Structures are given as C-alpha cells and as structure tokens.
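Visitor: coords please:
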Amino acid sequence: MTPKILTEYAFAVVATVVLLAIPGIVHSPAFLDFMIRVAAMALFATSLNLLVGGTGMVSFGHGLFYGLGAYAFALLMQRTDLTLGAAVMVTMAVSATTALVVGGICIRLRAIDKGSIVYRDDIAGLRANADIRSRYLAI
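Guide: Sure, this is the predicted structure:
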C-alpha cells in the first residue's frame, strides 16, 4: 500500500472513532437531530459519488428515489405503529415499485427524449437553487 492510501485509511478510522464517541459525550437532543441529518446527507453524497464519480454514469432521478424513500420512511414512522425494520422494508418496497414504474416509462423513450428529461430536470433544479446560490454564495 502507498503512504497516501494508508493516510486515507488512518483518517477514516480516526473519523469513525470520533463519530461513534460523540453520542456518548454529548447528550443533547438537538445535537442528535443534527447528527442524524448529517448522516442522511452523507449517505446521499456517498451514493451520488458512487454513481457519478466511481462509475461515470449520469443520474436519471437519483434525487427522486432519495427523497421518496426519506419521505415514505418519515411518514411511516410518524403515522403508523410499524417497527423500524418493518418501516425500512416497506420503504424499500415503495422505492422499488416507483423505480419499476419510472424505469418502465424511461426505457420506452427514445434517446432524444431521455436527454430532454434530464435537461429539463437540470434546468428546474438550477432555477430552484438560483435564489439560494445568489443569496448565500454571492453569485
């Protein structure tokens, strides 16, 4: 192994130990909520990096399934008496069913239509985020 890879592994081990120790040190519900949100965003970033960075594939609706899964899970946990494991299984079933429907539609489209869908979604995302970017990033 090269020194760079060893350094990256050492950093990952130290970061994991620190993150696992935080809940035992800090006993604040607000901080716990913050850490849950950070973990959710880290999961999203990791999956997007795997899809786009590692494989080079462009995501055709990555945010759709991420948002749908999070929304379905939150509703199931708030409005039903399902256990955590059951809610996860139902959420996966909802996401898989949606993937079958969306995939069935997209697979029948011609190449130009697929590009149009991706372009339209990108433009919609840029418009929605333009105000946020200009306000906070001074762009």
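
Visitor: most centrally placed residue in this protein?
Guide: For the chain, the residue sitting closest to the mean C-alpha position, by CA atoms, centre = their mean, is residue 44 at 2.3 Å.

Visitor: so who does that one touch?
Guide: residue 66 (CB atoms under 8 Å, 6 or more residues apart in numbering). From N, CA and C alone the C-beta is placed, and that goes for glycine too.

Visitor: Show me the helices in this structure, by range?
Guide: In the chain, the helices defined using DSSP state H lie at 3-25, 29-48, 62-79, 84-107, 111-136.

Visitor: which stretch in those helices has the least confidence?
Guide: Looking over those, mean pLDDT reaches its minimum on helix 111-136, with a mean of 49.

Visitor: Please report the distance of residue 35 from residue 53.
Guide: 25 Å (CB to CB, to the nearest Å).

Visitor: I should have written residue 88 there, sorry.
Guide: Applying CB to CB to residue 88 and residue 53 gives a distance of 26 Å.

Visitor: just residue 34 next, same as before
Guide: Distance from residue 34 to residue 53, by CB to CB: 26 Å.

Visitor: Over to residue 64?
Guide: The spacing between residue 64 and residue 53, counted by CB to CB, is 19 Å.
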